[in-house]
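[1] my questions concern the predicted model and sequence given below.
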Amino acid sequence: MANRGRHEFTVQEAVNMDSFVSWNYEELDLSGTDTATFISVADPAKKVVIYDKPGQTASFLEEGDVLSLTINGASGSGVVKIDRENLPFTITGLMVTSLSVANSAASAGDAVSVLSFH
């Protein structure tokens, strides 16, 4: 290890962010705040895609709905707000250890799909 520079390891780690071992799909119910169960500290996601639940002719979300994404349990500045026109929304370049999604105007039947790559 004494013969190797720090830069070599950080470059390799960056390359590994594009290598995935597994993936998971789940649907989150937005009638309240829902948390992605497949994303955890023990199995962090390297890439997350949030999109409309498939199989429907129209979006479950209505115009004016704002989704609040809480990433890695952070509060305040760790909350990302997007509207339905921003879907699909992709999170990359970050080890995601937890993800919660809430809808500003929640109603029964609101849902999004989450595809996580680990």
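    Cool, got the structure. All of these numbers come straight from a predicted model, not from anything done at the bench.
[2] hey, let's count contacts and neighbours off CA atoms from now on
    Fine.
[3] and the residue nearest to the spatial centre of the chain, helix, strand or coil?
    In the chain, the centroid-proximal residue (C-alpha atoms, centre = their mean) is Val48; its distance is 4.0 Å. Recorded secondary structure, Val48: strand (DSSP: H, G, I helix; E, B strand; the rest coil).
[4] and it, what does it touch?
    By C-alpha atoms under 8 Å, 6 or more residues apart in numbering, the contact set of Val48 is 90-92, 114-117.
[5] and with 10 Å instead?
    Contact analysis of Val48 by C-alpha atoms under 10 Å, 6 or more residues apart in numbering lists 23-25, 39, 89-92, 94-96, 99, 114-118.
[6] if I look at it, what pLDDT would I see?
    pLDDT recorded at Val48 is 96.
[7] against Ser107, how distant is it?
    24 Å (C-alpha to C-alpha, to the nearest Å).
[8] and for Pro54?
    Plainly put, Pro54 is 18 Å away from Ser107 if you go by C-alpha to C-alpha.
[9] without its sequence neighbours, what residue ends up closest to the residue nearest to the centre of the chain?
    Computed as C-alpha to C-alpha, 6 or more residues apart in numbering, the closest residue to Val48 that is not its neighbour in sequence is Ser116, at 4.5 Å.
[10] check Leu61 too.
    Asp110 (5.9 Å).
[11] residues near that neighbour, how many?
    Residue neighbour count, defined by other C-alpha atoms under 10 Å, stands at 21 for Asp110.
[12] now do the phi/psi pair for it.
    The phi/psi pair for Asp110 (degrees, to the nearest 10) reads phi -70, psi 130.
[13] touching, it and Leu28? I think so.
    Yes - at 8.6 Å, Asp110 counts as touching Leu28 under the criterion of C-alpha atoms under 10 Å.
[14] where in this protein is pLDDT low?
    Applying pLDDT under 70 to the chain flags the ranges 1-15, 17, 56-60, 75-77.
[15] just the helices in it please.
    6-16 (DSSP state H).
[16] please enumerate the strands of it.
    23-29, 34-35, 45-52, 66-71, 79-83, 89-96, 99-103, 111-117 (DSSP state E).
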